[in-house]
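> I need the structure of the sequence given here:
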Amino acid sequence: MARVFKRKDRLSAMSEINITSLLDLVFCLLIIFMITTPLMEQTIPVNLPTQSRNPSNDRNPKQKYVAVTISKDGQYAFEKEPVTLEELRAKFKELAAMPDPPTVSIRGDAKAFIEQENDVITALSDAHIVKISFDTQVK
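The predicted model follows:
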């Protein structure tokens, strides 16, 4: 049976709200967010260590960040590009030559050796880069 929207008395208030278009909009936005959310972080998968006691979640949105990833087998990656330690040192020197060098975000796997992380920090120190952040898992 079809719904009739004609009212006998035009001055009386209509007691029903048509929300069909609103539901269409909500479902459309839900589908868009479900598709785009997994695509937002396209990085190398790394099992990050647990969060420290004093987390610093106050990242400056205007600051540029460059990711250095250390995999569990000790391999290095600058952004998504696999590199050796010597190539990483050269890239750090290029970053240090910039007028406003970006912050280097170190993403070390929880199973990675401490020597590799120490080598990256030493390379950063040799290039005189002082803006460093360590990525950890969010609890």
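> just the strands in the chain please.
Along the chain, counting by DSSP state E, strands occupy 65-70, 76-78, 81-83, 103-108, 132-134.
> Least reliable of those by average pLDDT, please.
Lowest mean pLDDT within the strands of the chain: strand 132-134, at a mean of 81.
> now this structure, which segments are flagged as low pLDDT?
Along the chain, the model assigns pLDDT under 70 to residues 1-8, 10, 12, 14, 40-44, 46-61, 137-139.
> Residue 95 reaches residue 102, doesn't it?
Yes. Using Cβ atoms under 8 Å, residue 95 makes contact with residue 102 at a distance of 6.5 Å. All C-beta atoms are positioned from the backbone trio N, CA, C, and that covers glycine.
> which neighbours do those two share?
Counting by Cβ atoms under 8 Å, 6 or more residues apart in numbering, the shared contacts of residue 95 and residue 102 are residue 66.
> ok, those two, which is more surrounded?
Neighbour count, other Cβ atoms under 10 Å: between residue 95 and residue 102, residue 95 has more, with 19 against 14.
> Report the spatially nearest residue to the more buried one, omitting neighbours in sequence.
residue 101 (4.9 Å; Cβ to Cβ, 6 or more residues apart in numbering).
> burial count for the one you found?
When neighbours are counted by other Cβ under 10 Å, residue 101 comes out with 18.
> need the strands of the chain in JSON lines with mean neighbour count and distance to residue 118, can you?
Formatted as JSON lines, the strands of the chain follow (neighbours: other Cβ atoms under 10 Å; distance: least, Cβ to Cβ, whole Å):
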{"stretch": "strand 65-70", "mean neighbour count": "19", "distance to residue 118": "10"}
{"stretch": "strand 76-78", "mean neighbour count": "18", "distance to residue 118": "13"}
{"stretch": "strand 81-83", "mean neighbour count": "13", "distance to residue 118": "17"}
{"stretch": "strand 103-108", "mean neighbour count": "19", "distance to residue 118": "10"}
{"stretch": "strand 132-134", "mean neighbour count": "15", "distance to residue 118": "13"}
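> wait, which of those strands is closest to residue 25?
When the strands of the chain are compared by Cβ to Cβ, strand 65-70 sits nearest residue 25, at 34.5 Å.
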